[in-house]
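Trainee: here's my sequence, what's the structure:
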Amino acid sequence: MVLDIRFHNSFGDFNLDIDISLPTHGVTACFGPSGSGKTSLLRAISGLMKPKTGHIIFNDQIWQQGEQFLAPHKRSLGYVFQESSLFDHMTVVQNLKYGQGRTSSPLNSQESDHIIDLLGISSLLDRRPDQLSGGERQRVAIARALLPRPKILLMDEPMASLDMGRKREILSLLERLKSELSIPMIYVSHNVDEVTRLADHLIIMDQGKIIQCGSIQHIMTHYNILNNFSDEPFSLLFGQIINPRTDHNLTEIMVAGNVIRMPCLERPQGKRLESGQEIRLHLYAKDISIARCAPQQTSVLNIVQGHIHAIEKTSQDGQCLVRLLLGDVPILARISAFSCDELALRPKMEVYAQIKAVSLVQ
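Mentor: This next block holds a predicted model:
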């Protein structure tokens with residue numbers, strides 16, 4: 001079950017060349033700098049833009065091929081724009097019913113109530129859009145896109161106009177949608193934090209072309225692309241909880257055969273972490289130091305053994321980035337060039353990484 005996309009379109013000097021097959025499950029993040037063609041790709045999938053050549057086929061249903069072209073309202077999809085695009089003269093409930101009335105198989109009342117409760121908008125139904133905050137408007141827009149029972153949800157930077165507090169609110173809701181609903185999403189963003197938190201699959205775009213595509217674990221393991229857009233180099237680790245809370249109020253996580261300990265955390269909305277649960281950890285390069293020998297009598301909670309894969313050139317501020325491998329899992333450490341020379345670090349050398357801080361991606 002895939003979304004097969006192959007087309008070419010030109011906009012003056014800008015050419016959009018797409019040839020990709022996307023899985024129709026989980027969250028596929030489309031990431032890249034502004035002007036790379038992310039929104040144009042979404043508009044082509046939705047039918048709001050008709051490429052000059054090529055095809056778009058969703059689960060064996062032809063949306064575009066040759067002379068065949070399925071109008072946007074006949075494609076079983078929901079679309080959430082950067083702005084909520086609600087009808088100002090309608091109440092929230094009228095906005096929701098408008099979307100439901102344009103499909104042959106909308107959710108029934110019980111299913112609709114579940115979506116409304118899930119998005120926390122039941123108390124807003126009688127209000128008009130001008131009486132809502134930015135976060136509330138986006139929650140209503142997401143509900144409106146979901147109520148017609150789409151088979152895929154397209155989201156075009158839905159948090160671009162929100163402040164940090166509202167972004168956290170919407171991100172938590174999207175995580176709940178991801179875990180409780182089986183609707184695949186294509187999520188356009190140029191925000192690294194959003195991508196590392198939500199994405200299962202990742203498309204990297206630049207200048208109208210897809211330059212990398214695959215599972216986020218594969219991309220993060222084999223490429224350094226996301227770090228090029230981050231203020232601080234980081235590693236994204238995928239682990240499994242083996243002990244939610246120790247006697248010392250720590251959570252223990254298994255990552256690449258190593259136990260990582262961190263202060264016990266609760267999920268948003270007070271949801272507890274559970275044994276066996278898969279989670280993601282953010283590890284900043286500045287929070288990792290390197291030792292040639294196993295450190296003794298130290299307060300650092302996490303010390304793991306690995307080997308040096310590569311050492312990048314020294315930066316102007318006298319720092320260098322060391323690429324380490326814990327088994328086949330890469331992590332980055334940023335240390336001074338002085339320390340690198342004093343320790344005589346080199347590729348393939350066995351070392352110990354002292355992890356001074358680790359955070360749950362949430």
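
Trainee: for the rest of this, base every contact and every neighbour count on C-alpha atoms.
Mentor: OK.

Trainee: can you give me the helices in the stretch 151-300 of the chain?
Mentor: Assigned by DSSP state H, counting those that start in this stretch, the stretch 151-300 of the chain shows helices spanning 164-180, 192-198, 216-222.

Trainee: correction: the stretch 1-150 of the chain
Mentor: So, for the stretch 1-150 of the chain - with DSSP H, counting those that start in this stretch - the helices run 38-46, 92-100, 109-118, 134-146.

Trainee: returning to what we had before: make CSV out of the helices of the stretch 151-300 of the chain and add mean neighbour count, distance to residue 256 and mean pLDDT.
Mentor: Below are the helices of the stretch 151-300 of the chain laid out as CSV (neighbours: other C-alpha atoms under 10 Å; distance: least, C-alpha to C-alpha, whole Å; pLDDT from 0 to 100):
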stretch, mean neighbour count, distance to residue 256, mean pLDDT
helix 164-180, 15, 24, 85
helix 192-198, 20, 18, 89
helix 216-222, 17, 12, 80
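
Trainee: same list, those helices, but as JSON lines with distance to residue 125 please.
Mentor: Below are the helices of the stretch 151-300 of the chain laid out as JSON lines (distance: least, C-alpha to C-alpha, whole Å):
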{"stretch": "helix 164-180", "distance to residue 125": "18"}
{"stretch": "helix 192-198", "distance to residue 125": "28"}
{"stretch": "helix 216-222", "distance to residue 125": "37"}
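
Trainee: count the neighbours of residue 152 for me.
Mentor: Counted with other C-alpha atoms under 10 Å, residues neighbouring residue 152 total 22.

Trainee: output the below-cut-off pLDDT ranges for this structure.
Mentor: 1, 101-102, 104, 265-272, 362 (pLDDT under 70).

Trainee: give me that answer again for 80
Mentor: 1, 99-106, 161, 220-231, 265-273, 360-362 (pLDDT under 80).

Trainee: what about the residue nearest the centre of it, distance to residue 217?
Mentor: Taking C-alpha atoms, centre = their mean, the centroid of the chain lies closest to residue 195, which sits 2.5 Å from it. In this view, residue 195 and residue 217 are 12 Å apart by C-alpha to C-alpha, to the nearest Å.

Trainee: residue 19 too?
Mentor: Counting by C-alpha to C-alpha, the gap from residue 19 to residue 217 is 21 Å.

Trainee: swap in residue 315?
Mentor: Taking C-alpha to C-alpha, one finds residue 315 at 27 Å from residue 217.

Trainee: tally of neighbours for residue 3?
Mentor: By other C-alpha under 10 Å, neighbour count at residue 3 equals 17.

Trainee: run through the bridge partners of the residue lying closest to it once chain neighbours are set aside.
Mentor: Nearest non-adjacent residue to residue 3, counting by C-alpha to C-alpha, 6 or more residues apart in numbering: residue 58, 4.5 Å away. Here residue 58 sits in beta bridges with residue 3, residue 61, going by DSSP bridges.

Trainee: domain assignment for this protein?
Mentor: Here the domain parsing of the chain from automatic domain parsing is 2-223, 234-360.

Trainee: so for the shortest one, first residue to last residue, what's the gap.
Mentor: Domain 234-360 has its terminal residues 13 Å apart, counting by C-alpha to C-alpha.

Trainee: pull the contacting residues for the residue nearest to the centre of the chain.
Mentor: 29, 31, 189 (C-alpha atoms under 8 Å, 6 or more residues apart in numbering).

Trainee: one more pass at 7 Å, please.
Mentor: Going by C-alpha atoms under 7 Å, 6 or more residues apart in numbering, residue 195 touches residue 29.

Trainee: next, the contact list for the closest residue to residue 10 other than its chain neighbours, please.
Mentor: Distance criterion C-alpha to C-alpha, 6+ apart; nearest residue to residue 10, sequence neighbours excluded, is residue 16 at 6.0 Å. Residues near residue 16 by C-alpha under 7 Å, 6+ apart: 8-10, 37, 208-209.
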